[in-house]
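Chemist: Can you look at this prediction? I've put the sequence above it.
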Protein chains: 2
Amino acid sequence: MQDERRLAVLRAIVEDYVATQEPVGSKALVERHGLGVSPATVRNDMAALEEEGLITQPHTSAGRIPTDKGYRLFVDRLTTIKPMTTAERRAIATILDGAVDLDDVVQRSVRLLAQLTHQVAIVQYPTLSRSTVRHVELVVLTPTRLMAILILSSGRVEQRLVELTSPIDDDDVADLRARLGAAVAGRTIAEATVALAAVLPPAGHESTLREVVDVLLEAMSDHRSSERVAVGGAANLARFGDSFEVSVRPLLEALEEHVVLLKLLGEAQTGGLVTVRIGHEGPYQEFASTSVVSTGYGPDDEAVGNLGVVGPTRMDYPGTMAAVRAVARYVSRILDEA
Amino acid sequence: MQDERRLAVLRAIVEDYVATQEPVGSKALVERHGLGVSPATVRNDMAALEEEGLITQPHTSAGRIPTDKGYRLFVDRLTTIKPMTTAERRAIATILDGAVDLDDVVQRSVRLLAQLTHQVAIVQYPTLSRSTVRHVELVVLTPTRLMAILILSSGRVEQRLVELTSPIDDDDVADLRARLGAAVAGRTIAEATVALAAVLPPAGHESTLREVVDVLLEAMSDHRSSERVAVGGAANLARFGDSFEVSVRPLLEALEEHVVLLKLLGEAQTGGLVTVRIGHEGPYQEFASTSVVSTGYGPDDEAVGNLGVVGPTRMDYPGTMAAVRAVARYVSRILDEA
DNA sequence: GCTTGGCACTCAGGGCTGGCGAGTGCCAGC
DNA sequence: GCTGGCACTCGCCAGCCCTGAGTGCCAAGC
């Protein structure tokens, strides 16, 4: 009974603090939420919560604010993801359904997520690893220059320039195209990589085939594309009421370091599970006052990429989690269809 | 004689203010630059410069800072673009030569430019209009779904999904491919657009051909790609010593609005000419305290895109102009080779 | 006629102070 | 175990003064 009220107090503190961004005192708390007890009682509860390390006071004569641990408890036990309104659902569907290709899906998702959450959104491009190869195309640009094009089931198209040491004619190209197509078409990237290696002539034996295959292998090796991320809503950094230098600047720098962002997004969760990393729980101590809400997306609940938002620890967790989950679902559905 | 000294004073004020970001007084000016006259004399000159609207004082008992008009005079008459050091040139060459495709060239350029200038860099993707069509490819994904791929001389690859109303077989596709190839290969985008229109059957007569051609025309219409820009160095916004809300925030918002950025970059200049727009000279009054240094790039001095940097009016113009020009040259050279 | 030193004046910024008020912790009573 | 009361703490704000940088003007000098 008493315990329950304490948790109610914690929830009220989190909600108020998120809304007002100011330390919340006992009196205001009783007034705004119908707690049915007096401020003095709430003060006792607050003292207990502080004892447990769930809230803290920025200075002696101020109200309380939640600690990271407090937010953690709030997220784990005091909140249910609030469902999107139908209007929001419809907006998501409309915006994402208008996408013309994979790049466009990613671009739109990131914008959408930023708008929904009023925070900085990050969407990782899908990894190639689960895709299958739909088609390999070789296009002759000059006799010593080919364009190799790889079309994947995910809708992604990888293109690479191949510089040849010896000129090639159209018949050779047709032959090459047929052999490559036979080797990889319909296979997953992993299988295709093996198959391509098998097609190669003995090592040391230089050939046009080797040159082309090397480029294709490189294109399939996934490094470049899976490390790409799209970022949106940087203007929402202004919502960090905090000082520019300490909070915003490092984040602004990180937004151009895709490796950092990927690490921030963390491991992909699937099946509608949303990961929340609060403050110091993240991998970078520069971001001690930022939280990350992320999840995986991909057809059939197999994660092929992550997406999420970054914001101040003081954020609307239920709303943000709902938005992240909803966008991930729609993106997954679209990838499923494509 | 006197006039000349006044200009020297203006130059000194601009240089000092850019370096220190603080209003510069007569005494400091005489000390730091060997002007050979007394502070009192400089004060007289300053009064004259202020009369002409070239400098101003933020408040009565402070030093002077240049006005937009002062910067304009400085840029037009008091400065020569300072050449890059050989080390810088080499760095540019090394970084850009490593690019694997067109997208990569743009990405690297924007990073490089941001690093060189310590400002926000913007690079427009090349327009298609001057490109010629190298190849058209159609790939069957499902019987009612094609992937249409357009390879252009600039190295750009446009891909579009085509949904067909009636199924198609491989022979039809081969036929279609041949007809389209004959119509557009080797032509410029403009010519190809006309040629494609000619291939079409009479209007109202629905056909697979029409569906494919429509998509190709849309892809060539250039809107999407020429409106794309890459942005880098947003973290350098921190260098705006100015208030966050008034200067940084609108810019941060603009950085996600590609249309706004394109307008900021303005008309392309070619032949090594660099455009400088200072403060209010630009199209948006929100950016009254920002300047844009930009130029065009493209093979053979034909502009196919713009690039530039955005920064506070208080910026190192000679250095920035040099960096912008140098990067544009290298990008042009690379596009020439490709 | 330009340059210079001198001088009075202005004003932003920093440091200090005192009052205000929000908020707390504790205690005695219900 | 809850509540009202009370003394206490301390951040914030407004007002104040002082300092110092920088100016404009003037009269004298080259």
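Modeler: Looks like it came in fine.
Chemist: Next, the contact list for A:A322, please.
Modeler: A:A322 makes contact with A:I81, A:K82, A:P83, A:M84, according to CB atoms under 8 Å, 6 or more residues apart in numbering or on different chains. (C-beta placed from N, C-alpha, C; glycine too.)
Chemist: same question for stretch A:74-94, mean pLDDT?
Modeler: Mean pLDDT, stretch A:74-94: 91.
Chemist: Surely A:V199 is in contact with A:R179?
Modeler: Yes. The pair A:V199 and A:R179 passes the contact test of CB atoms under 8 Å, sitting 6.6 Å apart.
Chemist: would you list every one of the strands in the stretch 201-338 of chain A?
Modeler: For the stretch 201-338 of chain A, the strands defined by DSSP state E, counting those that start in this stretch cover A:229-232, A:275-277, A:290-297, A:305-312.
Chemist: how about stretch A:158-178 against chain B, any contact?
Modeler: Yes. Contact of stretch A:158-178 with chain B (CB under 8 Å from any CB of the partner chain) involves A:Q159, A:R160, A:L161.
Chemist: Go through those residues and name the one nearest chain B.
Modeler: A:Q159 (4.8 Å; CB to the nearest CB).
Chemist: what's near enough to touch A:V212?
Modeler: Here A:V212 is in contact with A:L138, A:L146, A:A148, A:V162, A:L176, A:L180 (CB under 8 Å, 6+ apart).
Chemist: Need the pLDDT of the third one.
Modeler: To tie it back to what came earlier, the one meant is A:A148. pLDDT, A:A148: 86.
Chemist: And the closest residue in space to it that isn't next to it in sequence, how far from A:M84?
Modeler: Leaving out its chain neighbours, the residue that sits closest to A:A148 by CB to CB, 6 or more residues apart in numbering or on different chains is A:R160, at 4.9 Å. A:R160 is 41 Å from A:M84, where distance means CB to CB, to the nearest Å.
Chemist: before we move on, what about A:R77?
Modeler: On the measure of CB to CB, A:R77 and A:M84 end up 22 Å apart.
Chemist: So the two - more neighbours on which side?
Modeler: Per other CB atoms under 10 Å in any protein chain shown, whichever of A:R77 and A:M84 has more neighbours is A:M84, with 18 against 10.
Chemist: before we move on, the earlier item: who wins for proximity to chain B among the strands of the stretch 201-338 of chain A?
Modeler: Chain B lies closest, by CB to the nearest CB, to one member of those: strand A:229-232, at 6.4 Å.
Chemist: Packing partners of that closest one?
Modeler: Under the contact criterion of 3 or more CB pairs under 8 Å, 6 or more residues apart in numbering or on different chains; DSSP states H and E, strand A:229-232 touches helix A:102-117, strand A:120-124, helix A:258-265.
Chemist: give me the low-pLDDT residue ranges for chain A?
Modeler: A:1-2, A:154-155, A:201-206, A:222-226, A:241-246, A:338 (pLDDT under 70).
Chemist: quick one, the longest helix belonging to it and strand A:290-297 angle?
Modeler: When every helix of chain A is counted residue by residue (DSSP state H), the longest turns out to be helix A:317-337. Orientation of helix A:317-337 against strand A:290-297 (axes from the mean of the first three to the mean of the last three CA atoms, to 10 degrees) gives an angle of 30 degrees.
Chemist: Can you give me the buried ones in helix A:317-337?
Modeler: Applying a neighbour-count criterion of 16 or more other CB atoms under 10 Å in any protein chain shown, one finds A:317-328, A:330-332, A:334-335 buried in helix A:317-337.
Chemist: which bits of the stretch 101-250 of chain A sit near chain B?
Modeler: A:101, A:111, A:134-135, A:137, A:139, A:141, A:147, A:149, A:151, A:155, A:157, A:159-161, A:232-235, A:237-238, A:244-245, A:248-249.
Chemist: Helix, strand or coil: sort out A:T79 for me.
Modeler: Here A:T79 is recorded as coil under DSSP: H, G, I helix; E, B strand; the rest coil.
Chemist: Tell me which residues touch it, please.
Modeler: Taking CB under 8 Å, 6+ apart as the definition, contacts of A:T79 comprise A:R11, A:Y317, A:P318.
Chemist: Just put those residues in JSON lines and tack on distance to DNA strand C.
Modeler: Below are the contacts of A:T79 laid out as JSON lines (distance: CB to the nearest atom of the strand, whole Å):
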{"residue": "A:R11", "distance to DNA strand C": "16"}
{"residue": "A:Y317", "distance to DNA strand C": "22"}
{"residue": "A:P318", "distance to DNA strand C": "24"}
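Chemist: Could you list every helix and strand in contact with the longest strand along chain A?
Modeler: Looking across chain A with DSSP state E, the single longest strand is strand A:133-142. Contact analysis of strand A:133-142 by 3+ CB pairs under 8 Å, 6+ apart lists strand A:145-152, helix A:170-184, strand B:133-142, strand B:145-152 as its packing neighbours.
Chemist: Smallest distance to DNA strand C belongs to which residue of chain A?
Modeler: At 2.7 Å from DNA strand C, A:G25 is the closest residue in chain A, using CB to the nearest atom of the strand.
Chemist: and that residue, backbone torsions?
Modeler: When quoted as degrees, to the nearest 10, the phi and psi of A:G25 stand at phi -100, psi 170.
Chemist: so who does the residue nearest to it when sequence neighbours are not counted touch?
Modeler: Excluding its sequence neighbours, the residue lying closest to A:G25 (CB to CB, 6+ apart) is A:G63, at 3.8 Å. With contacts defined as CB under 8 Å, 6+ apart, the neighbours of A:G63 are A:E22, A:P23, A:V24, A:G25, A:S26, A:A28, A:Q57.
Chemist: one step back: make TSV from the helices and strands packed on strand A:133-142 and add mean neighbour count and distance to DNA strand C to it.
Modeler: Shown next, in TSV, are the helices and strands packed on strand A:133-142 (neighbours: other CB atoms under 10 Å in any protein chain shown; distance: least, CB to the nearest atom of the strand, whole Å):
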stretch	mean neighbour count	distance to DNA strand C
strand A:145-152	22	57
helix A:170-184	15	66
strand B:133-142	19	60
strand B:145-152	22	55
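Chemist: Any chance of JSON lines for those, columns distance to DNA strand D?
Modeler: As requested, these are exported to JSON lines (distance: least, CB to the nearest atom of the strand, whole Å):
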{"stretch": "strand A:145-152", "distance to DNA strand D": "55"}
{"stretch": "helix A:170-184", "distance to DNA strand D": "64"}
{"stretch": "strand B:133-142", "distance to DNA strand D": "61"}
{"stretch": "strand B:145-152", "distance to DNA strand D": "57"}
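Chemist: Nearest to B:E51 among these would be which one?
Modeler: Of all the helices and strands packed on strand A:133-142, it is strand B:145-152 that lies closest to B:E51, at 55.8 Å by CB to CB.
Chemist: helices or strands up against that closest one?
Modeler: Applying 3+ CB pairs under 8 Å, 6+ apart, one finds that strand B:145-152 contacts strand A:133-142, strand A:145-152, strand B:133-142, strand B:157-163, helix B:208-220.
Chemist: Each with direction, which strands does it pair with?
Modeler: strand B:133-142 (antiparallel), strand B:157-163 (antiparallel) (DSSP bridges).
Chemist: distance between that strand and the chain's centre?
Modeler: Its chain's C-alpha centre and that of strand B:145-152 lie 28 Å apart, by CA atoms, centre = their mean, to the nearest Å.
Chemist: Now do it: everything it contacts.
Modeler: With contact meaning CB under 8 Å, 6+ apart, strand B:145-152 is reached by A:134-135, A:137, A:139, A:141, A:147, A:149, A:151, A:157, B:128, B:131-141, B:157-164, B:168, B:173, B:189, B:212, B:215-216, B:219-220.
Chemist: tilt between that strand and helix B:102-117?
Modeler: Using the same axes, to 10 degrees: strand B:145-152 against helix B:102-117 is 50 degrees.
Chemist: My reading is that A:Y17 lies in a helix. Confirm?
Modeler: Yes. According to three-state DSSP, A:Y17 belongs to a helix.
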